[in-house]
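Chemist: Make a model of this:
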Amino acid sequence: MGSSESVITQTDLDTEEENESDFLQETNIEQIIVPEEEPGYPKACPPRDTKKDIFNEADYLEIDNRAINTPKDMAKGYDVLIQYLTQGLQNDLQKLRAIFIWLGQQNIEGEKYPKATSADTPTGYMKLMKDRKGNYASFFALLCRAAKIPCVVVKGMAKSVSYEVGMTEEECQRLDNSWNAVYVSNGWRLVFPLWACRAVVGHVKEGFVEIEEGGKAVRQREKAAVGIDVRQLNEYYFLTNPKNFIFNCFPKEERWQLIKPPWTIQKFAEVPYCSQTYFENKVTITSSFKCRLQTVLGECTVAVKGTGEDVFSYKLYYNEKESNKPISEELQLQRYILKKHEQSNVEFTFRCPQAGVYKLDIVGGALQSDLCSFKITCQDPKVGCQPLPVSPDIGFGPSYLMKKMGVKALSHKEAIVRIQASKETTMTFSSKINVSVETVLVHNSLDAEELKRVLKQQVNNDKITVRIRITHNGEYVLQMFAKTKDSSQEHQNICNYLLTSETERKRTRTYENAEEKIARNNMNVMANTLTDISGLEKAIQTFQDLELEDKGDLSKAIDALDLAKAKRELKDAIERKRLDFLERAIEQAKDSKFCDKLKVLISEAEQQRDELKRLKSYTHDILEMKPETISEIKSYMKPPKVVHDVMMATYMLLGKKRKELENWETIRYLLGLTGKDSLLRRIKDFEPKQVVLEIYADVEDLLRDYTEDNVRTASAGAGTFYVWLVKVSAEMTIINSSD
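Modeler: Next up, the predicted model:
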């Protein structure tokens, strides 16, 4: 299975000692030299389909269970082991899965291997791995090649625990690692066996002080810790989609990126650090897509977008090591990040109170895990920087909780409201009559009684009017709380506005200096071209910070920005082709002051929404089916051809390949799945427009010779599926032909 030649140099030993704390970095010392690839392999090129297209974990339960329960003595030879693991399996993907699961069950670091006398066996090679003279990538290649599966050892750089966000290109070069490319299902796929089988818990880098988490002060100096190496089985690193994989793993050979266009090492070092959870939760960074950010006038903004009612929060760290000084003891460490909702975006604006280097982690998902990280450098802190009066969990601006409670902003739909001292500001909202709403004003130093006097709330049927007349300039937060009137629960926070008031200052000169002229011109150019929404936001902020006179161009720029954002939201919803996104985007567009200018896009979105609603309506009869009907179809040991074809077509629309459905036992297995994998649940969640037109053509071809009557004669249940298939396929053909 390979030469037993051992080539070890002092450089290897130095590297090994330097990286011994990084359990997720493969060793460079290999007693058995495993060739990176073998002659005759298919040419490296991006796969035509994704992991979701070719693999569903639920389909492999029997294969997984058999691999998990493999007797230990099978590892005495590659042929014996592979014959056992792949016995009865029909294709290379199934064989690859069995090998992957078996490897994930091996307690390589915990075994003693007393009977390992030869390195040319699976047991012998695992002993080498325990002694740091072999690695997962090479072992995985040996196992795959024994099963006649093309497998390449890919060497490159990987952002494991040694990586620190913001590392330069040169620093990333030290992150040596290796993983695999395997050829299955007519394409090259990526597997990272080490990261799939092991994880590090408790690793902490030196020099960081956590200063704020979700608006709460922490001031906790991180103590450097190597962490604990633990066994696991992480499915994410099995057949990882190349477009996601490249963010954290950069191969030395460009061809093994398996993406087009390929990345450069510069881009690999520059992009934000995005974790596995970032991709699993389908998060999108909508601000500057760089990991190294600079504050402008002491502020820096990071914005993300999720797929629905995602809850995002943050952690802020100060890097004492890179800042070359500790965080000030006098500094109040909380409420320096403004979290605001901007339609479906969530923006985090850091107002920096002290010059230095910071790390911002955006967290989210079901377990509030780290999603993405950024390094922020501040050379000049924000002038007169003060903490926010309050930093609510839900952030600022109208939130999904507001909509859920039946309260709607009528006059003010942005998170930040400009007000003036001694001048009354009126804000209006609509509300369900059975909802009780309370508003509270908060300030950093003014007492609650004084704030009550400047805030008036009036309720008239379903309309709520809030009037505010402050006497002191500064920042205030208007908090809105609500509950249903018949509920015994307390009011919950559903919305917050940041109210800002500054003393109106008169310019002592009428001319503009060079910096001010550039700022005005830059804003006007960006407002006219509208090629960079984030850049226009910064240009407007700079214009306002310089206190330039609005000659109509500031108002025009703000309107252009708001209109561009509204268009972006509509286009994004149309592109995603999902009913929930479309309904939300249409509602927001119709509520905006740009409703007339958005008519064409709103009409396009409404057309697509109506099409999706009509397509969804076709599932009604299927969703009304009783479980016994599904059981009746599943009970066939050898069904009539028409029943087999109808159920084959059904699962083809749900993402299965026609070839694997030709075996009726596969369909019977799928019909037996429950929960989120059950047939009725999958049809309920089915998005017709996310299926390529060729699949609909295949379905129509498969069912061409049947009618509803002869299908129902064979099986009433199959007849219901047939009607759904015919209606959806015909509708999608019409829709696509009219596009």
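Chemist: And the helices in the stretch 401-550 of the chain?
Modeler: Applying DSSP state H, counting those that start in this stretch to the stretch 401-550 of the chain gives helices spanning 448-453, 514-529, 533-545.
Chemist: how about those helices, which one is nearest I32?
Modeler: Smallest distance to I32 across the helices of the stretch 401-550 of the chain (C-beta to C-beta): 51.1 Å, for helix 533-545. (Each C-beta comes from the backbone N, C-alpha and C, glycine too.)
Chemist: So what's the residue count around F55?
Modeler: F55 is flanked by 19 other residues according to other C-beta atoms under 10 Å.
Chemist: can you tell me how far the nearest residue to it once chain neighbours are set aside sits from D677?
Modeler: Distance criterion C-beta to C-beta, 6 or more residues apart in numbering; nearest residue to F55, sequence neighbours excluded, is L239 at 5.7 Å. Distance, L239 to D677, using C-beta to C-beta, to the nearest Å: 18 Å.
Chemist: More neighbours: these two, which one.
Modeler: Comparing L239 with D677 by other C-beta under 10 Å, the one with more neighbours is L239, at 24 against 14.
Chemist: hang on, that one packs against K51?
Modeler: Yes - contact criterion C-beta atoms under 8 Å: L239 and K51 qualify, at 4.4 Å.
Chemist: Tell me the secondary structure of A560, please.
Modeler: Secondary structure state of A560, per DSSP: H, G, I helix; E, B strand; the rest coil, is helix.
Chemist: isn't it right next to E537, touching?
Modeler: No - applying C-beta under 8 Å, one finds A560 not in contact with E537, separated by 11.1 Å.
Chemist: do you know how far K340 is from P392?
Modeler: 11 Å.
Chemist: Quick check on the two: which one has the bigger neighbour count.
Modeler: K340 (21 against 17).
Chemist: what's the closest non-adjacent residue to that one?
Modeler: Closest to K340 by C-beta to C-beta, 6+ apart is A415, at 3.7 Å.
Chemist: what number of residues lie near that neighbour?
Modeler: That count, for A415 with other C-beta under 10 Å as the rule, works out to 21.
Chemist: correct me, but it touches C495?
Modeler: No - counting by C-beta under 8 Å, A415 stays clear of C495, with 9.4 Å between them.
Chemist: Please enumerate the shared neighbours of those two.
Modeler: Here A415 and C495 have G397 as joint contacts, going by C-beta atoms under 8 Å, 6 or more residues apart in numbering.
Chemist: check contacts around G308.
Modeler: By C-beta under 8 Å, 6+ apart, the neighbours of G308 are D580.
Chemist: can you tell me how far it sits from Y400?
Modeler: In terms of C-beta to C-beta, G308 sits 8 Å off from Y400.
Chemist: same question, Q544
Modeler: 29 Å.
Chemist: and if you look at V459?
Modeler: Relative to Y400, and taking C-beta to C-beta, V459 is found at 23 Å.
Chemist: out of the two, which sits in the busier spot?
Modeler: Between V459 and Y400, counted using other C-beta under 10 Å, the more crowded position is Y400 (16 against 13).
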